[in-house]
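1. Sequence plus the predicted model coming up.
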Amino acid sequence: MHTQKRTLFRPGDLLFWGLLLTLGYYAQWVSSASGSTPAIAVVEIAGTVKYQIDLNLDRIYSLDEFDPPVEVTVANRQIRISRNDCPQRICQQMGAISRTGQMIVCVPHKLLIYIPSQHDSEEPVQVITG
Amino acid sequence: MIPKNPSKLSPAEIWEARVSGLIVVGLLLFIFEAYLPRPVPWLKFGLANIATLIALYWLDWKAALTVSLFRIVIGSFFTGTLFTPGFFLSLSGGLLAVLVMILLFRLRIFSLLTVSIAGALAHNAGQLWVAATLLFRNPVLWYLLPYLLLTGVLTGVVTGVFSFWLLKRLEGDFEEGEK
């Protein structure tokens, strides 16, 4: 039986941290496109784009695909889930998003709300405003 | 100090008893964590991973896999999320985490802390992969990767340090053995 002393550091850890820093730098670079001022938010349910919401109009939307409906509020160019009957309500606690690359995720409802950057969508955007 | 063999049990029986105990510990940590306040809504410390790490270092890789799988299935049953999308996220994250930890453990060049952090990162990556490709089918979710890397390191350090401390007390002056 081969035995090895357990410690909180081993030489191989340096390799791991090197790889991790590289990956972290790459991940940061990939998401660095985020942050510009957006105009719309995309609402997807189970992988299908359902709505594209104009962030310049303050109002409350009701997503009737769910029973009871999920309530989404746009105010001050920010969007948030204001009412949802999912078990843990993590999506509600995630608060409002306002910058490209940010998103709100509700796993139980397979609901995804995100603010796309230019290269996320090549197609002309059809904005639902009312 | 835990007696080595108090009642003349066979090695297989001792293994089973210890694995069962660790499944219960994992479940208790999992349920305990559900009631803990979270600094960020989607940040979980993954305390249940402590039971998996201890199974890996104290027993063997089969114990780690068993503890992890049973904890996920029974835990989901208790929290009412069995076979929901959240369950499949837990399963994918948990399975990838335990497989990565087993692999790094067997390579023998990494410390327990690194194995723990790699497990936490693999957990997050597994969940993100299933969410992005199967559940939401939207690559935009990969934007969450930097946040999940950061939280993975944080939670991996917490569970790693706890496991290290517990293992020291479980075995006294311990040496790990590859079985």
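-> Nice, thanks for sending it over. Numbering: from 1, shown residues only, chains lettered A, B, ... in the order given.
2. The closest residue to B:Gly26 other than its chain neighbours - how many residues pack around it?
-> Nearest residue to B:Gly26 in three dimensions, chain neighbours excluded: B:Ala51, at 3.4 Å (C-beta to C-beta, 6 or more residues apart in numbering or on different chains). C-betas here are computed from N, CA, C, even on glycine. By the measure other C-beta atoms under 10 Å in any protein chain shown, the count of residues near B:Ala51 is 29.
3. Which elements pack onto the one helix or strand B:Ala51 maps to?
-> When elements are assigned from DSSP states H and E, B:Ala51 belongs to helix B:49-54. For helix B:49-54, the elements it packs on are helix B:11-34, helix B:61-79, helix B:85-107, helix B:112-130, helix B:145-171, judged by 3 or more C-beta pairs under 8 Å, 6 or more residues apart in numbering or on different chains; DSSP states H and E.
4. please redo it, this time with the cut-off set to 6 Å
-> Helix B:49-54 makes packing contacts with helix B:11-34, helix B:61-79, helix B:145-171 when contacts are defined by 3 or more C-beta pairs under 6 Å, 6 or more residues apart in numbering or on different chains; DSSP states H and E.
5. OK, contacts around the residue nearest to B:Gly26?
-> B:Ala51 makes contact with B:Leu22, B:Val25, B:Gly26, B:Val67, according to C-beta atoms under 6 Å, 6 or more residues apart in numbering or on different chains.
6. In chain B, which residue sits closest to chain A?
-> When distances are taken as C-beta to the nearest C-beta, chain B reaches nearest to chain A at B:Ile109, 2.9 Å away.
7. quick one: that residue from A:Phe9, how far?
-> When distances are taken as C-beta to C-beta, to the nearest Å, B:Ile109 and A:Phe9 turn out to be 11 Å apart.
8. center of chain B - which residue?
-> Within chain B, the residue whose C-alpha comes closest to the C-alpha centroid is B:Asn49; the distance, by C-alpha atoms, centre = their mean, is 2.5 Å.
9. burial count for B:Val161?
-> Summarising burial for B:Val161: neighbours were counted as other C-beta under 10 Å, giving 15.
10. Return the per-residue confidence for the residue lying closest to it once chain neighbours are set aside.
-> Taking C-beta to C-beta, 6+ apart, and ignoring the residues beside it in sequence, B:Val161 has B:Leu113 as its nearest neighbour in space, at 7.1 Å. B:Leu113 is assigned a predicted lDDT (pLDDT) of 94.
11. wait, B:Leu113 sits on B:Gly160?
-> Yes - using C-beta atoms under 6 Å, B:Leu113 is in contact with B:Gly160, at 4.2 Å.
12. higher neighbour count, those two?
-> Higher neighbour count among B:Leu113 and B:Gly160: B:Gly160, with 24 against 21, using other C-beta under 10 Å.
13. what sits against the residue nearest to that one when sequence neighbours are not counted?
-> If you skip the residues right next to it in sequence, B:Gly160 has B:Ser116 as its closest partner in space, 3.0 Å away by C-beta to C-beta, 6+ apart. Contacts were defined as C-beta under 6 Å, 6+ apart; by that measure B:Ser116 touches B:Leu53, B:Gly156, B:Thr159, B:Gly160.
14. In those, find the pair that's most separated.
-> Greatest spatial distance among those (C-beta to C-beta): B:Leu53 and B:Gly156, at 10.0 Å.
15. sorry, back to before: Serialize the contacts of B:Ala51 to a markdown table and add fields for neighbour count and pLDDT.
-> What follows is those, written out as a markdown table (neighbours: other C-beta atoms under 10 Å in any protein chain shown; pLDDT from 0 to 100):
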| residue | neighbour count | pLDDT |
| --- | --- | --- |
| B:Leu22 | 25 | 96 |
| B:Val25 | 20 | 95 |
| B:Gly26 | 25 | 95 |
| B:Val67 | 30 | 97 |
